[in-house]
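Colleague: Okay, here's the prediction I keep looking at, along with the sequence it came from:
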Amino acid sequence: MASVSTWGKRTLALGTGAAATALVLTGCAGGTSGGSGDLNGLIIGTTDKITSLDPAGSYDNGSFAVQNQVFPFLMNTPTGSPDVEPDIATKGEFTDPTTYEVTLKKGLEFANGNPLTSSDVKFSFDRDLKIKNDNGPWSLLANLKSIDTPDDTTVVFNLDHADQTWPQVLSSPAGPIVDEDVFSATELTSADDIVKGNAFAGQYKITSYKENDLIAYEANEKYDGVLDKAKTKDVTAQYFTKETDLKLAVQQGDVDVAYRSLTPTDISSLRKDEDLQVIDGPGGEIRYVVFNFATQPFGTDQDGADEAKALAVRQAVADVVDRDELAEEVYDNTYTPVYSMVPDGLTGAATPFKSLYGDGNGAPDVDKAKKTLADAGVTGKVELDIQYSPDHYGSASDDEYATLKTQLEDSGLFTVNIQSTVYTTYAVERTKDAYPLYQLGWFPDFSDADNYLSPFFTKDNFVQNHYDDPTIQGLIADEQQESDPAKRAEIIEQAQEREAEQISTLPLLQGKSVAVAGKDVKGVTLDASFKFRYGTITK
């Protein structure tokens with residue numbers, strides 16, 4: 001997903017998936033909630049934004065964080081693990097390469113007492129594909145051909161082609177199971193109706209909801225899944241507009257846990273507070289620059305279009321960028337350099353941008369960049385127009401792109417114009433070829449290298465930057481279908497190498513996951529599932 005708040009969209013590796021639409025942060029508030037007197041039990045603070053409580057209408061971190069607390073999944077990641085296991089199911093398995101069968105537990109119920117059966121499961125996935133909301137996760141289901149439900153506890157997913165990531169997809173933003181007696185089959189259901197219908201079957205149920213303000217949760221005693229019962233009965237999530245307000249709230253004890261997002265400066269400051277604890281975890285978030293192959297210098301829609309010169313420009317930028325400086329000076333090492341679109345820690349991750357560009361060991365090399373441009377016949381300074389969005393990707397983006405501008409211009413090879421745009425405009429304009437180079441971030445739908453490849457480099461991808469390479473598309477299709485882990489990892493490495501040679505995107509930084517909590521708080525768990533769950537936390 002496109003982080004800080006938006007999830008990326010997975011398209012079919014064989015080139016038949018639908019193009020993803022960028023998220024615009026909108027939504028209708030549902031339910032009611034009062035002021036600070038309503039903050040009961042454990043208080044969680046965040047600056048994330050909610051798009052929709054309905055899973056069919058959202059594909060972003062803020063919404064998924066809520067849905068993870070209250071909706072069940074067929075497959076889920078147990079605490080401390082990146083690997084999926086059956087959640088409200090007893091088993092899930094491929095019965096042949098294109099058929100995945102799930103057996104539900106018997107006697108499952110939603111919090112409202114309605115039975116949870118295979119009919120609800122089929123309904124949940126079918127409505128995603130029928131509604132196809134612009135902000136929804138339906139593209140993750142591009143490989144789904146049909147669903148059979150031979151009985152109340154059996155669900156059979158028929159796929160278009162073999163796909164080893166399918167169990168992970170069932171744990172993704174496309175995976176929440178909803179109550180067919182409460183949710184509409186043809187349109188999004190309002191938060192008011194969901195809350196009033198008590199249509200929850202996760203660790204928690206929502207008792208009061210005011211979108212992007214306050215949410216009151218209560219432990220759901222009917223939850224019967226792979227996660228333990230929630231350890232704290234009452235939880236309130238409080239939403240902040242500014243990172244500085246969230247920092248102040250956790251310092252003063254007004255919130256027990258602050259998670260997503262504090263600035264690097266704030267985190268460094270809070271580490272020194274003896275009354276607080278800073279919890280670090282693995283981070284799947286990456287930050288990167290996108291090259292629009294049509295509008296970049298010498299791009300296909302430009303006067304003097306030249307494929308070789310366009311590639312040389314991209315390669316020269318890669319030679320000059322200094323990731324270590326960005327990580328240290330801008331992000332105080334809360335981010336680390338990354339040399340592939342697949343971040344460190346995932347099976348198959350490689351570092352082709354480290355070996356191919358700069359000095360071959362991660363540092364910049366201006367002389368190499370000069371030679372690359374000269375060999376391609378590029379003369380004079382190259383003008384680069386770079387767009388970014390600090391209201392979506394964090395206020396530190398101002399320093400990040402100012403530093404990147406300085407790095408590029410100090411090489412003597414580029415003149416750089418940077419401009420920021422509010423995300424509601426940015427999300428629309430970037431897909432309409434308005435920006436030759438632009439900032440994006442990504443937070444994974446699930447913990448698998450494919451989720452850092454197929455959303456970006458298949459023919460129909462959410463980046464929509466006119467990158468279309470049959471070789472990498474074939475590699476992605478191959479890794480999705482390969483059942484041998486070692487062979488699959490090798491194909492994933494080949495795909496990373498291919499993209500690094502062509503540079504559709506330039507990976508810069510890999511983020512850590514950080515939470516700040518009071519000293520009396522226990523059980524804050526940040527793991528490679530990249531899911532933040534309230535059910536483990538106590539105070």
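Modeller: Looks like it arrived, so ask away.
Colleague: Name the residues of whichever strand or helix holds Ala489 that are buried.
Modeller: Per DSSP states H and E, Ala489 falls inside helix 485-502. Going by neighbour count (16 or more other Cβ atoms under 10 Å), the buried part of helix 485-502 is 488-489, 491-500, 502. The way it works is simple: take the backbone N, C-alpha and C, and place the C-beta from them, glycine included.
Colleague: tell me the contacts of the nearest residue to Asp48 once chain neighbours are set aside?
Modeller: Leaving aside its chain neighbours, Asp48 sits nearest to Gly62 (3.4 Å; criterion: Cβ to Cβ, 6 or more residues apart in numbering). Each residue near Gly62 by Cβ atoms under 8 Å, 6 or more residues apart in numbering is listed here: Ser5, Thr46, Asp48, Lys49, Ile50, Thr51, Asn212.
Colleague: Relative to Val514, how far out is the second one?
Modeller: The one in question is Thr46. For Thr46, the distance to Val514 (Cβ to Cβ, to the nearest Å) stands at 12 Å.
Colleague: Report the separation between the residue nearest to Asp48 and Trp166.
Modeller: 26 Å.
Colleague: Any regions of this protein where pLDDT drops low?
Modeller: 1-38 (pLDDT under 70).
Colleague: would you list every one of the strands in the stretch 351-500 of the chain?
Modeller: For the stretch 351-500 of the chain, the strands defined by DSSP state E, counting those that start in this stretch cover 382-388, 414-420, 437-442.
Colleague: Which one, of those, ends up nearest to Ile194?
Modeller: Closest of the strands of the stretch 351-500 of the chain to Ile194 is strand 437-442, at 28.2 Å (criterion: Cβ to Cβ).
Colleague: Name the strands paired with that closest one and say parallel or antiparallel.
Modeller: Strand pairing for strand 437-442, using DSSP bridges, gives strand 286-291 (antiparallel), strand 382-388 (parallel).
Colleague: Between helix 485-502 and the first one, find me the angle.
Modeller: The one in question is strand 286-291. 40 degrees (axes from the mean of the first three to the mean of the last three Cα atoms, to 10 degrees).
Colleague: The longest one too?
Modeller: Using the same axes, to 10 degrees, the interaxial angle of strand 382-388 with respect to helix 485-502 works out to 130 degrees.
Colleague: how about the strands in the stretch 201-350 of the chain?
Modeller: Taking DSSP E, counting those that start in this stretch as the criterion, the stretch 201-350 of the chain contains strands spanning 204-210, 214-219, 234-239, 257-259, 276-281, 286-291, 335-337.
Colleague: Identify, out of the ones you listed, the most deeply packed stretch.
Modeller: Of these, the one with the most neighbours on average (mean count of other Cβ atoms under 10 Å) is strand 257-259, at a mean of 27.
Colleague: Centroid-nearest residue for this structure?
Modeller: Nearest residue to the geometric centre of the chain (Cα atoms, centre = their mean): Phe443, 2.5 Å.
Colleague: So for stretch 261-272, what gets flagged as buried?
Modeller: Ser261, Leu262, Thr263, Pro264, Thr265, Asp266, Ile267, Leu270.
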